[in-house]
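A.B. asks: Here's my sequence, what's the structure:
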Amino acid sequence: MKNIHRIIISVILIFLILSCTNHETQVVFVQPTAYPSALVAEYFPLSKGAYWVYEGAVKWQTESDVFEQTIQWKMEVLDVIQRNDIIGYKMKGAPWDLTWYEHGKQPGEYAFIKVGTGRFYIGTLEDFERMMDEEDLLGDLVGEYSLFLEIPLLPGKRFCDTPSITRTDMGYCWIVNSETKVDLANVKGVRATDPLTEFALSQSTLPDFSMFHFVPGIGITRYEYVHHGTVAEVDVSLIEYHSGK
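C.D. replies: From the prediction side, this is the model:
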């Protein structure tokens, strides 16, 4: 009789174990969305000697007339310097040089300043020269107003200065509007057999609207600008890229 009870209890235990096994909860691991830190330097590849060539329509206005012209414009990295986690890039030319264009205008010289793992600011040549002075502690080297790129880029992301970040109309902030696939096979110097990821970022202010497209690993692939008053318009796209490596 005791053996029968033991057999019955054993059968019940086996049944319970099998029942629990069949209804075991599966854990799904989510891949983090942050860009791998080891690849941050390649997100916006600003190596010395790298350059980008843009081409497109530019409109501007004088006192007597409105002009429109197809223009090529070059952006290039002249020099690079690093101080701890701050990297300065001496630059010449940028697509936004073409806003308020006039005959004979030359590419501007300025600096990109990368701070930490993913914040890029627009600075001056004086900022770059400060980085070359090892006795300069670099206080106030950058300001919130000059932040133009914060990686990784994700749709819906927004970055700007503190006074603007809480604006309900989202004005004066850079906003990542979309993430799409783009074919850059027609861009000289780009070797990509598959479509690449491209982000569209825009900024609206009271007087104007700006937008640029960005492909990680390449950089800025298109720049658009429209002024709401006096005619000043730019729409240029990348036609040539060289990494400088």
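A.B. asks: Need the residue closest to the centroid of the protein.
C.D. replies: Leu149 (5.0 Å; C-alpha atoms, centre = their mean).
A.B. asks: burial measure for the residue nearest to that residue when sequence neighbours are not counted, as a count.
C.D. replies: By the measure of C-beta to C-beta, 6 or more residues apart in numbering, the closest residue to Leu149 outside its immediate chain neighbours is Phe120, 4.0 Å from it. For glycine as for every other residue, the C-beta is placed from the backbone atoms N, C-alpha and C. Phe120: 21 surrounding residues under other C-beta atoms under 10 Å.
A.B. asks: one step back: the residue nearest to the centre of the chain reaches Leu46, doesn't it?
C.D. replies: No. Using C-beta atoms under 8 Å, Leu149 makes no contact with Leu46, being 10.9 Å away.
A.B. asks: neighbours of the closest residue to Lys245 other than its chain neighbours, just the number please.
C.D. replies: In space, and not counting its chain neighbours, Lys245 is closest to Ser47: 5.5 Å by C-beta to C-beta, 6+ apart. Neighbour count of Ser47, defined by other C-beta under 10 Å: 14.
A.B. asks: Contact partners for Ser47?
C.D. replies: 77, 80, 243-245 (C-beta atoms under 8 Å, 6 or more residues apart in numbering).
A.B. asks: Max pairwise distance over those: which two?
C.D. replies: The span of these, defined through C-beta to C-beta, is set by Val80 and Ser243 at 13.2 Å.
A.B. asks: Give me the distance between the residue nearest to the centre of the chain and Val231.
C.D. replies: 28 Å (C-beta to C-beta, to the nearest Å).
A.B. asks: which residues touch the nearest residue to Gln61 once chain neighbours are set aside?
C.D. replies: Of all residues not flanking Gln61 in the chain, Val231 sits nearest, at 3.9 Å (C-beta to C-beta, 6+ apart). By C-beta under 8 Å, 6+ apart, Val231 lies in contact with 59-61, 66.
A.B. asks: circling back to that earlier point, neighbouring strands for the strand or helix carrying the residue nearest to Leu149, and are they parallel or not?
C.D. replies: Secondary structure assignment for Phe120, by DSSP states H and E: strand 119-123. When pairing is defined by DSSP bridges, strand 119-123 lines up against strand 109-115 (antiparallel), strand 147-150 (antiparallel).
A.B. asks: Would you mark the buried spots in that strand?
C.D. replies: 120-123 (16 or more other C-beta atoms under 10 Å).
A.B. asks: ok, so of the residues you listed, who is nearest Asp136?
C.D. replies: Nearest to Asp136, judged by C-beta to C-beta, of the buried residues of strand 119-123 is Gly123 at 13.4 Å.
A.B. asks: hang on, isn't that closest one packed against Glu109?
C.D. replies: No. Contact criterion C-beta under 8 Å: Gly123 and Glu109 do not qualify, at 11.1 Å.
A.B. asks: what sits against the closest residue to Val226 other than its chain neighbours?
C.D. replies: Closest residue to Val226 apart from its sequence neighbours, by C-beta to C-beta, 6+ apart: Phe209 at 4.9 Å. Residues in contact with Phe209 (C-beta under 8 Å, 6+ apart) are 202-203, 224-226, 228.
A.B. asks: Phe128 too?
C.D. replies: Phe128 makes contacts with 79, 81, 88-90, 111, as judged by C-beta under 8 Å, 6+ apart.
A.B. asks: For PyMOL, write the selection for the buried entries among those residues.
C.D. replies: A single PyMOL command selects the buried members of the contacts of Phe128 (16+ other C-beta under 10 Å):
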select buried, resi 88+89+90+111
